[in-house]
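K.L.:
pasting the structure only:
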């Protein structure tokens, strides 16, 4: 048997529902919550799907990227909208690093360099 | 791009297509569609009645779309004769048959198309035409078709896979989007799709790829906003259809190694509510040679209606109303998610 080169297997996404095998009640609570979160509300299901796509990139969840790329396509989202959402996630991620450089600036000044 | 038939592809054979669907389903352990209907207490599937006569007048088309379930194109020559059209008109006159739905190919390319519409119009039945839009710009003999449609109060139903150029042209051919917009503006100019005109123009969305159609109402809002703002185009309703895993769409699924994922997606999205409203329950499909089928998809898979009445010349509504609808794995396409029929989502 060929050696696995990654822990990620695309087919495992389909098994997501099986996570309740050993703790069904908690899994049910999670899936009920998950379903409620993504239903149409003050934000549309389409807008929530775009947010999910952006977050999937920020947390670098390969399963979530597959799932929400498909989901946004199914909801009729354009490629421009998808990539703008991904860039929003990337901007927050890079911004959250860069904003910490204020601490570095403070330290530089404190040390009198 | 040529049709599968002109390219000598194995997939031009309906038997080969059915074999692939059976083999892939077996390999993946997917239930047969009949078994799925049994679980939902819907088997055997029977018609609610023949309300709509959907007539496929031929496979000749001015476009060669990547997803076409008919394998239509400029290289196809199948065309319904005037005699067979006359037989369709006799069936259409039957009480209880309310609608003539004309499809193809590009149905306008059938030499007897206008005569067929004129005669059907005299019967006072609702007439729908599946128009690919670009035919309206395909030459002098087609340029007055919008006025012809309006004269006979024909409801125009036109495919537009997406409200942007890139995806539409990827599926229907380079330049199709721009020509479709021009054709839609021509239809709008005489009142089609304009509120209060009484002239109905509906668009058909189908996904450009191996994924399902999402919510029809959300998509309709997106299409209306984008087409109006960017292109100055109006229409009445959007029908969201699922691509059937047959013919040229099956070819693209195989080429892109998406066949397993797509079939699994269709099966896991099976919706019993959608299954109760599938189009084969109120529609009878007529092939270019007068053969009868439960739907246009069964027609392209050569799954002829079994029993005493299987030609339009033998049309008998009470016999057809009590028939058993033929099923195969492609039927999952009409029952996935919100479902899909010639009139769009059904659940």
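P.N.:
It's in. The shown structure was predicted, so the numbers you read here are calculated from the model rather than taken from an experiment. Residues are numbered from 1 along each chain as shown, chains lettered A, B, ... in the order given.

K.L.:
For whatever residue of chain B ends up closest to chain A, give its distance to residue B:237.
P.N.:
Relative to chain A, the nearest point of chain B is residue B:214 (4.1 Å; Cβ to the nearest Cβ). Using the backbone N, CA and C atoms, a C-beta is placed for each residue, glycine as well. Distance, residue B:214 to residue B:237, by Cβ to Cβ, to the nearest Å: 16 Å.

K.L.:
Out of these two, name the residue with the larger neighbour count.
P.N.:
Between residue B:214 and residue B:237, counting by other Cβ atoms under 10 Å in any protein chain shown, residue B:214 is the more crowded of the two (25 against 18).

K.L.:
Hmm, residue B:240 and the more buried one touching each other?
P.N.:
Yes - Residue B:214 lies in contact with residue B:240 (Cβ atoms under 8 Å); the separation is 7.3 Å.

K.L.:
Would you confirm that residue B:147 contacts residue B:190?
P.N.:
Yes - between residue B:147 and residue B:190 there is a contact under Cβ under 8 Å: 6.3 Å.

K.L.:
which ones are touching residue B:9?
P.N.:
Residues near residue B:9 by Cβ atoms under 8 Å, 6 or more residues apart in numbering or on different chains: residue B:251.

K.L.:
Check residue B:92 too.
P.N.:
Per Cβ under 8 Å, 6+ apart, neighbours of residue B:92: B:53, B:100, B:120, B:123, B:125.

K.L.:
Need the pLDDT of it.
P.N.:
What the model reports for residue B:92 is a pLDDT of 98.

K.L.:
so what secondary structure elements neighbour the helix ranked longest in chain A?
P.N.:
As assigned by DSSP state H, the longest helix anywhere in chain A is helix A:79-98. For helix A:79-98, the packing partners by 3 or more Cβ pairs under 8 Å, 6 or more residues apart in numbering or on different chains; DSSP states H and E come out as helix A:45-58, helix A:62-74.

K.L.:
Residue B:174 is nearest to which of those?
P.N.:
Nearest of the helices and strands packed on helix A:79-98 to residue B:174, taken as Cβ to Cβ: helix A:62-74 at 21.8 Å.

K.L.:
hmm, back to that, could you work out the most separated pair of the contacts of residue B:92?
P.N.:
Within the contacts of residue B:92, B:53 and B:123 form the most distant pair, 10.9 Å apart (Cβ to Cβ).

K.L.:
Between these two, which is the more surrounded one?
P.N.:
Using other Cβ under 10 Å as the criterion, residue B:53 and residue B:123 rank with residue B:53 on top: 25 against 13.

K.L.:
tell me which element that one falls in.
P.N.:
Using DSSP states H and E, residue B:53 maps to strand B:52-56.

K.L.:
by how many degrees do the next helix or strand after that strand and strand B:52-56 diverge?
P.N.:
As assigned by DSSP H and E, the chain's next helix or strand after strand B:52-56 is helix B:82-92. Counting by axes from the mean of the first three to the mean of the last three Cα atoms, to 10 degrees, helix B:82-92 lies at 170 degrees to strand B:52-56.

K.L.:
Centre of the chain to helix B:82-92, how far?
P.N.:
The chain centre lies 20 Å from the centre of helix B:82-92; the measure is Cα atoms, centre = their mean, to the nearest Å.

K.L.:
swap in stretch A:96-105?
P.N.:
Put simply, stretch A:96-105 sits 24 Å off its chain's centre (Cα atoms, centre = their mean).

K.L.:
Just the mean pLDDT for that stretch, thanks.
P.N.:
So the average pLDDT for stretch A:96-105 ends up being 96.

K.L.:
Would you mind listing the buried residues in it?
P.N.:
By 16 or more other Cβ atoms under 10 Å in any protein chain shown, stretch A:96-105 has no buried positions at all.

K.L.:
Pull up the pairing partners for whichever strand or helix holds residue B:101, direction included.
P.N.:
Element membership for residue B:101, per DSSP H and E: strand B:99-103. When pairing is defined by DSSP bridges, strand B:99-103 lines up against strand B:52-56 (parallel), strand B:126-130 (parallel).

K.L.:
Not counting its own residues, what contacts the helix or strand that comes right after it?
P.N.:
On the C-terminal side of strand B:99-103, the closest following helix or strand by DSSP H and E is helix B:113-122. When contacts are defined by Cβ under 8 Å, 6+ apart, helix B:113-122 is touched by residues B:57, B:82, B:85-86, B:88-89, B:92, B:100, B:102, B:107, B:110, B:127, B:129, B:148, B:152-154.

K.L.:
and helix B:113-122, how far out from the chain's middle?
P.N.:
Mean C-alpha position of helix B:113-122 versus that of the full chain (Cα atoms, centre = their mean) differs by 20 Å.

K.L.:
tell me which parts of the stretch 101-250 of chain B are close to chain A?
P.N.:
The stretch 101-250 of chain B comes close to chain A at residues B:162, B:164, B:166, B:205, B:207, B:209, B:211-215, B:218-219, B:222, as judged by Cβ under 8 Å from any Cβ of the partner chain.

K.L.:
mind redoing it with 10 Å?
P.N.:
Within the stretch 101-250 of chain B, the positions lying close to chain A (Cβ under 10 Å from any Cβ of the partner chain) are B:162-164, B:166-167, B:205, B:207-216, B:218-223, B:226, B:238, B:240.

K.L.:
Next, count neighbours for residue A:24.
P.N.:
10.

K.L.:
any idea how far residue B:92 is from residue B:220?
P.N.:
In this view, residue B:92 and residue B:220 are 30 Å apart by Cβ to Cβ.

K.L.:
check contacts around the residue nearest to residue B:298 when sequence neighbours are not counted.
P.N.:
Spatial nearest neighbour of residue B:298, excluding adjacent residues (Cβ to Cβ, 6 or more residues apart in numbering or on different chains): residue B:326 at 5.9 Å. Neighbouring residues of residue B:326 by Cβ atoms under 10 Å, 6 or more residues apart in numbering or on different chains: B:44-45, B:280, B:293-295, B:298, B:301, B:303-306.

K.L.:
mind redoing it with 6 Å?
P.N.:
Contacts for residue B:326 (Cβ atoms under 6 Å, 6 or more residues apart in numbering or on different chains) come out as B:294, B:298, B:303.
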